[in-house]
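Q: Have a look at this prediction, sequence included:
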Amino acid sequence: MFEFVNIKDGIKRVNIIRVTKDVWMKITLFSLLLLTVVSSACADFSRNYLDSHPLQTVAVNNLELAYRIVGQGEERPKVLMIMGLGGSNVAWGDNLISRLVDSGYEVMIFDNRDTGASTRFDNWGQPTLWLQLLKHSLRLPVNAPYNLHDMANDTVALMDSVGYSKAHIVGVSMGGMIAQVIATRFPQRTSSLISIMSSTMARHLPAPTDLAEGRLRELAEGDAKAEREAAIRNRGFYPQTMPRHLMAIFKTGDRSAEVATIEASTLVLHGADDGLLPPAHGMHTAELINGAEFVLLQDMGHNIPTAVIPEMVRHMTQHMQSVDLAIKP
């Protein structure tokens, strides 16, 4: 992973250490994740419907998790939504959640550990990204206060606390990774799995595209930094937690072998224009899971555009309804 160039000319010996492309790809990945949030935050967004439902907290695994239940009804099938890197529960937005509720589902949304109103790990500090990503590239352990398995355990403990014996597990980006872990390790709690613009983090999968990097780099420039930061927070994202969430992903590593054991009925949704986690990431996930359905959504990148939500909800509800009908007595 390193290239050592030795100059033996009688004058000096120089060791030139070249950090691999893999390392810089992962550093770029973090930057793109952050800037993608900026891009999404600046789009039209409403959270009034979600905010109208009380934010509750529960103690699990020696921390507090904040959550909301929307469309509550004893007879309604349960859907558990897991947000991605640095995102709180309201980052889902009104449009997507209200459509699921209107389709007859009770939906629980929550803040992962270390973001939103859940227990934060700010006292742990921030990782030195270049060093930790270099260690990951060299297949050495990275420093992180938790991993995706811990976050999956939190989620199942939350289900226990609110009385969800089973649920359709839906995750986006990092949340999709956590959802995959739940489907792997807690199959009895997984009615079905819906993995959205996510990945197994297999090392052979493609890096972010140059086009995505170039477009998003432009968002980091200019005089509107404060305005963008305010938009990010209104959108429900917490940039200061993103480095630790990213380290949780890399600490967990490639989950391909585990994902291949998933037996739950699975739907994989991915944006055709996703330059951050290109469609091959979603295709690889679907290929590993027996019987999984893969849907490539046009005009969608590593975000959930308003115009795509009706089609996305249609695929989600058809998938969940087919599972619910199959298990009815």
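A: Thanks, I have it.

Q: Which residue ranges of this protein form strands?
A: Remark: strands assigned in the chain by DSSP state E are 56-60, 63-70, 78-82, 106-110, 167-172, 190-196, 266-271, 293-297.

Q: can you redo these as TSV with mean pLDDT and mean neighbour count?
A: The way it works is simple: take the backbone N, C-alpha and C, and place the C-beta from them, glycine included. Below are the strands of the chain laid out as TSV (pLDDT from 0 to 100; neighbours: other C-beta atoms under 10 Å):
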stretch	mean pLDDT	mean neighbour count
strand 56-60	98	15
strand 63-70	98	20
strand 78-82	98	26
strand 106-110	98	25
strand 167-172	98	28
strand 190-196	98	26
strand 266-271	98	26
strand 293-297	98	17
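
Q: Can you give me the neighbour number for residue 166?
A: 17 (other C-beta atoms under 10 Å).

Q: meant to ask about residue 146, not that
A: Residues within reach of residue 146, counting by other C-beta under 10 Å, total 22.

Q: Then residue 99?
A: Neighbour tally, residue 99, other C-beta under 10 Å: 17.

Q: who touches the closest residue to it other than its chain neighbours in this structure?
A: The shortest distance from residue 99 to any non-neighbouring residue, by C-beta to C-beta, 6 or more residues apart in numbering, is to residue 313 (4.5 Å). Contact partners of residue 313, counting by C-beta atoms under 8 Å, 6 or more residues apart in numbering, are 96, 99, 100, 103.

Q: gap between the first one and residue 74?
A: Taking C-beta to C-beta, to the nearest Å as the criterion, residue 96 is separated from residue 74 by 23 Å.

Q: between the two, who's got more neighbours?
A: Legend: neighbour count by other C-beta under 10 Å for residue 96 and residue 74, higher for residue 96 (23 against 6).

Q: With adjacent residues omitted, what lies nearest to that one?
A: Nearest to residue 96 is residue 309, by C-beta to C-beta, 6+ apart, at 5.3 Å.

Q: next one: residue 277
A: In space, residue 277 is closest to residue 199, 5.2 Å off (C-beta to C-beta, 6+ apart).

Q: Give me the number of neighbouring residues for the one you found.
A: Count around residue 199 with other C-beta under 10 Å applied: 26.

Q: before we move on, back to that, and residue 128, which of the strands of the chain is closest to it?
A: Nearest to residue 128, of all the strands of the chain, is strand 63-70, at 24.5 Å by C-beta to C-beta.

Q: The closest one pairs with which strands?
A: Strand 63-70 has these partner strands in its sheet, going by DSSP bridges: strand 56-60 (antiparallel), strand 106-110 (antiparallel).

Q: The first one: how far from the chain's middle?
A: The offset between the C-alpha centroid of strand 56-60 and the centroid of the whole chain comes to 21 Å, using C-alpha atoms, centre = their mean, to the nearest Å.

Q: quick one: buried residues of stretch 272-287?
A: Buried residues in stretch 272-287, counting neighbours by 16 or more other C-beta atoms under 10 Å, are found at 273-282, 284-287.

Q: Equivalent analysis for stretch 114-129, please.
A: Buried residues in stretch 114-129, defined by neighbour count with 16+ other C-beta under 10 Å: 114, 115, 116, 117, 118, 119, 120, 121, 127.
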